[in-house]
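> kindly generate the corresponding structure for this input.
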Amino acid sequence: MINAGVVIRPAAASDLEALHALAAGAGLGMTNLPPCRERLGALLAGSAAALAGARKAGAQILLVMEAAGEVVGTACIFPSVGGDWPFYSYRIGRLRQTSQALGKVVENTILTPVNDYDGSAEVGGLFVRPGLRGLAAGRLMARSRYLFMAEHRDWFGERVLSELRGYQDEEGRCPFWEAVGRKFYGLEFKEADRISVGPGKQVIADLGPKYPIYLNLLPPDAVEAVGRFHPDGARAHAPLVEEGFRFDGCIDIFDAGPTLTAEIDGLKAVRESRVCEIAEIGPCEAGTEVLACHGAAEGFRAARGRARARGEALRIGPELAQALQVQTGDRIRHVAF
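Numbering: from 1, shown residues only. Next up is the predicted model:
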């Protein structure tokens with residue numbers, strides 16, 4: 001079980017090398033965590049600007065998990081996708097055609113390019129050091145994003161989405177990309193992955209298919225990959241569903257991974273969290289295990305620990321108080337972990 005002293009906080013410029021090390025271990029498909037110092041530096045600068053108030057469409061807020069002074073995980077939040085660079089997806093649909101002359105009905109599954117999610121928030125880029133997996137580190141990192149959204153509710157609209165990395169085989173080959181993307185863009189998947197953020201999205205608009213794609217024209221392995229997440233994706237999928245995310249029929253245009261959506265106010269962590277004043281700080285072994293947060297923008301901090309509530313008053317353990325940098329009289333948001 002991960003130590004309660006672990007802290008989730010906004011990323012800082014000084015985290016560049018630690019984030020680069022994490023990105024190097026994440027593999028292809030993690031477009032929000034590129035293994036490139038220059039791009040990571042730009043993301044860190046953009047995150048700082050967004051926290052300071054420059055939250056234009058496409059801005060990305062980076063959060064990191066810090067343990068014993070070392071960055072061991074990361075995740076990101078986009079307050080609003082689309083805008084300058086449209087957010088593209090394929091929507092899975094059905095086309096039913098009837099021939100009276102033949103007395104035959106034919107049904108086809110089609111993929112239609114859409115911009116249904118422009119203006120929605122997005123969470124993504126979730127990655128924790130492999131040695132911490134299975135210790136609830138990913139859950140801690142993920143749910144901290146939702147408390148951040150609850151604390152900054154006016155920064156976001158009504159809906160949030162999460163794109164799961166699409167299926168790749170053991171050799172890292174993406175069947176959907178090989179059958180569709182490569183034919184339109186003439187790029188290796190690695191290069192397409194690199195350009196799929198920011199201004200590179202204009203390439204999608206310039207070269208991508210403008211009309212529906214019939215799945216029955218694709219190879220079987222590409223069809224099977226539609227809506228299927230990466231072998232590592234099960235760890236990300238289950239917590240999203242538990243939080244309230246659902247698949248509503250859209251997939252990523254590059255790797256065909258599923259896009260899950262939820263109403264922000266319906267997210268479990270947002271819906272069930274409460275804001276209380278700290279009345280006492282002291283031993284709290286008999287208390288409930290909670291995820292709590294305090295502070296706004298660049299001062300935001302989230303951590304896991306023990307707390308005991310009595311009405312609007314709260315007693316928390318000293319480790320949690322230290323992690324959040326709070327004292328009696330401060331108000332914190334908390335939810336059962």
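
> neighbours around the residue nearest to residue 224 when sequence neighbours are not counted, how many?
Leaving aside its chain neighbours, residue 224 sits nearest to residue 175 (7.4 Å; criterion: C-beta to C-beta, 6 or more residues apart in numbering). C-beta here means a position set from N, CA and C on the backbone, and glycine is covered the same way. Residue 175 has 23 neighbours, counted by other C-beta atoms under 10 Å.

> dump the residue contacts of residue 175.
Residues near residue 175 by C-beta atoms under 8 Å, 6 or more residues apart in numbering: 167, 169, 219, 221, 222, 224, 225.

> now these in JSON lines, with pLDDT, neighbour count and secondary structure?
Conversion of the contacts of residue 175 to JSON lines gives the following (pLDDT from 0 to 100; neighbours: other C-beta atoms under 10 Å; DSSP: H, G, I helix; E, B strand; the rest coil):
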{"residue": "167", "pLDDT": "92", "neighbour count": "24", "secondary structure": "coil"}
{"residue": "169", "pLDDT": "87", "neighbour count": "11", "secondary structure": "coil"}
{"residue": "219", "pLDDT": "96", "neighbour count": "12", "secondary structure": "coil"}
{"residue": "221", "pLDDT": "96", "neighbour count": "14", "secondary structure": "helix"}
{"residue": "222", "pLDDT": "96", "neighbour count": "19", "secondary structure": "helix"}
{"residue": "224", "pLDDT": "96", "neighbour count": "14", "secondary structure": "helix"}
{"residue": "225", "pLDDT": "96", "neighbour count": "26", "secondary structure": "helix"}
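
> relative to residue 144, which of these is nearest.
Distance to residue 144, by C-beta to C-beta, is smallest for residue 167 among these, at 27.9 Å.

> OK, contacts around that closest one?
Contacts were defined as C-beta under 8 Å, 6+ apart; by that measure residue 167 touches 174, 175, 176, 224, 225, 228, 229, 230, 231, 255, 256, 257.

> cutoff 7 Å now
175, 225, 228, 229, 230 (C-beta atoms under 7 Å, 6 or more residues apart in numbering).

> and it, how close does it get to residue 230?
In this view, residue 167 and residue 230 are 6 Å apart by C-beta to C-beta, to the nearest Å.

> just to revisit the earlier point, could I get the contacts of residue 175 as JSON lines with distance to residue 192?
Formatted as JSON lines, the contacts of residue 175 follow (distance: C-beta to C-beta, whole Å):
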{"residue": "167", "distance to residue 192": "16"}
{"residue": "169", "distance to residue 192": "17"}
{"residue": "219", "distance to residue 192": "18"}
{"residue": "221", "distance to residue 192": "18"}
{"residue": "222", "distance to residue 192": "15"}
{"residue": "224", "distance to residue 192": "20"}
{"residue": "225", "distance to residue 192": "15"}
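
> what is the nearest of these to residue 272?
Lowest distance from residue 272 to the contacts of residue 175 (C-beta to C-beta) belongs to residue 167, with 33.0 Å.

> need phi/psi at that closest one.
Phi and psi for residue 167, reported as degrees, to the nearest 10, are phi -70, psi 140.

> dihedrals phi and psi, the residue positioned nearest the centre of the chain?
In the chain, the C-alpha nearest the mean C-alpha coordinate belongs to residue 124, at 1.9 Å (C-alpha atoms, centre = their mean). Backbone torsions of residue 124, given as degrees, to the nearest 10, read phi -170, psi -170.

> which pLDDT value goes with residue 197?
What the model reports as pLDDT for residue 197 is 62.

> what sits against the nearest residue to residue 147 once chain neighbours are set aside?
Closest residue to residue 147 apart from its sequence neighbours, by C-beta to C-beta, 6+ apart: residue 293 at 4.4 Å. Neighbour list for residue 293: 144, 147, 151, 300, 301, 302, 332, 333 [criterion: C-beta under 7 Å, 6+ apart].

> isn't the last one right up against residue 151?
I take that to be residue 333. Yes: Residue 333 is within contact range of residue 151, at 6.0 Å (criterion: C-beta atoms under 7 Å).

> in the chain, what residue spans correspond to helices?
With DSSP state H, the ranges of helices along the chain come out as 16-26, 37-51, 137-151, 175-176, 182-185, 189-195, 201-207, 220-225, 234-243, 268-272, 318-324.

> distance to residue 283 added to those helices, as CSV?
As requested, these are exported to CSV (distance: least, C-beta to C-beta, whole Å):
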stretch, distance to residue 283
helix 16-26, 33
helix 37-51, 35
helix 137-151, 22
helix 175-176, 54
helix 182-185, 59
helix 189-195, 49
helix 201-207, 52
helix 220-225, 52
helix 234-243, 30
helix 268-272, 25
helix 318-324, 8
